[in-house]
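Trainee: Coordinates only, no sequence provided:
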């Protein structure tokens, strides 16, 4: 379900390897009829997940999107050599070992490094080679419960500039044990090191991009306005103001963890709170908006997550401004674009709700209150501005009326991977996933319905709350190869 296009980088460490155990044993002991050596050399070659047959299918022709320099640089790492599932050697590869430092587009090559061998190794025996980029804290990455230290930012601390953590690709197209090295007698000389097969790396995080907003999404189409009957009369256009990602998993395995057939992804969950960074609950209740400062435009990096529960899914909140027509601005209760929705209609003034109720078109929700009395509940007496979110939440719940502060409306989309158990609308259950080394980029092409007035506003299937909030989204994953799909918000 990948892949971010890493730079193609060859880290050729013509490195003399001292075989020290990944545990407490510093010797790699030989045996049998195979010969022993007191010192060996090998070359380590590393590249990223470019166009090497990753599990994420990419349409042809496609536009590749390389990782940025910050996403693709390797400054140090830990190399591991395994005999089966037993780690027999590990070594830190540091920046000063490079003869030619790696860049986004060029290979990195180390100077030959001689390391004494304290014991003996077997020649003519294949060993598996692994590399953990930009992290040297993991002793045994193949251990059953090899996990990263829990994050408090959804994995973002494993995606800092020029220090993105990466590990061997592990999926149905290429298992983690795809690099082997076999030492011969010739490897005792730095002039003839034993070459390890190329290692393909995946970043251990997914990337959620700032959504795109097409020109067609800015246009108000009253014919496709869903259940809100007068959208074109009240709203002139739409603009995307930002997004926020939620339910970002704070935990991750080092090696991507699958069942034996690479069909079911296993995700690591923390045993202590918080399970998520920016959980769904951070953004408020049915009637109250919270943490709106978390909306922005920067890309988000996050650990893997997969679930059948839409409320547990890693999701994107869209913040979209509905710009009022000049006519509606002129009669609005507030000069900042605030408007209301009640009984399937948009209003810019409380008086207009009273006027419609007087004709019998709707039922007045305010009982015996006057227009001024209603306005007093939502307008600050001193400043004339809209009241606090706490007071506004009470108003929304009491009168079942939506209040769109400054014209802002919200949509939530739970992310599904387009290859790993993709979303099928006709299915009775759905899987929502973000996978490492994958880009999730949503392109909004059309607004078909006014959104919620708060991020976690009422759902359409609850008859006791305000109806008609929903959105239809079609998503295609960008595997660090640009391959964008379109979205219609409803």
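Mentor: Received the coordinates, thanks. Small disclaimer: the values here were computed from a predicted structure and weren't measured. Residues are numbered from 1 along each chain as shown.
Trainee: Model confidence for the closest residue to residue 272 other than its chain neighbours, exactly?
Mentor: Excluding its sequence neighbours, the residue lying closest to residue 272 (C-beta to C-beta, 6 or more residues apart in numbering) is residue 150, at 8.0 Å. C-beta coordinates here come from the backbone N, C-alpha and C atoms, glycine included. We have a pLDDT of 93 for residue 150.
Trainee: Ok, residue 183 next?
Mentor: 80.
Trainee: Relative to residue 294, how far out is it?
Mentor: With distances taken as C-beta to C-beta, to the nearest Å, residue 183 is found 52 Å from residue 294.
Trainee: Over to residue 356?
Mentor: From residue 356 to residue 294 the distance is 36 Å (C-beta to C-beta).
Trainee: and what of residue 425?
Mentor: Separation of residue 425 from residue 294 (C-beta to C-beta) stands at 29 Å.
Trainee: cool, residue 229 as well?
Mentor: 33 Å.
Trainee: So between the two, which is more surrounded?
Mentor: Set residue 229 next to residue 294 and count neighbours by other C-beta atoms under 10 Å: residue 294 wins out with 16 against 13.
Trainee: ok, what's across the strand from residue 319?
Mentor: When bridges are called by DSSP bridges, residue 319 pairs up with residue 242, residue 410.
Trainee: Correct me if wrong: it contacts residue 407.
Mentor: No - using C-beta atoms under 8 Å, residue 319 is not in contact with residue 407; the gap is 10.8 Å.
Trainee: Where does pLDDT dip in the protein?
Mentor: Along the chain, segments meeting pLDDT under 70 span 1-65, 99-121, 222-227, 459-490.
Trainee: mind checking the SS state of the closest residue to residue 172 other than its chain neighbours?
Mentor: What sits nearest to residue 172 in space, not counting adjacent residues and going by C-beta to C-beta, 6+ apart, is residue 262, at 3.6 Å. Classification of residue 262 using DSSP: H, G, I helix; E, B strand; the rest coil returns coil.
Trainee: now swap in residue 374 and tell me
Mentor: The three-state assignment at residue 374 reads helix, by three-state DSSP.
Trainee: What distance do you get for it to residue 344?
Mentor: From residue 374 to residue 344 the distance is 19 Å (C-beta to C-beta).
Trainee: Name the residue in these two with the higher neighbour count.
Mentor: Between residue 374 and residue 344, counting by other C-beta under 10 Å, residue 374 is the more crowded of the two (21 against 16).
Trainee: So which bits of the helix or strand encompassing residue 232 are buried?
Mentor: Per DSSP states H and E: residue 232 is located in helix 231-234. For helix 231-234, burial by neighbour count (16 or more other C-beta atoms under 10 Å) applies to 231, 234.
Trainee: contact partners of that helix?
Mentor: Identification of contacts with helix 231-234 by C-beta atoms under 8 Å, 6 or more residues apart in numbering yields 220-222, 225, 324-325, 328, 339, 346-348, 450.
Trainee: what's the distance between residue 211 and residue 160?
Mentor: Distance of residue 211 to residue 160, given as C-beta to C-beta: 23 Å.
Trainee: ok, now residue 94?
Mentor: Counting by C-beta to C-beta, the gap from residue 94 to residue 160 is 18 Å.
Trainee: correct me, but residue 202 touches residue 167?
Mentor: Yes - in this structure, residue 202 is within contact of residue 167 by C-beta under 8 Å, at 6.5 Å.
Trainee: Going along the chain, name the helices of the stretch 51-200 of the chain.
Mentor: Secondary structure of the stretch 51-200 of the chain (DSSP state H, counting those that start in this stretch): helices at 69-72.
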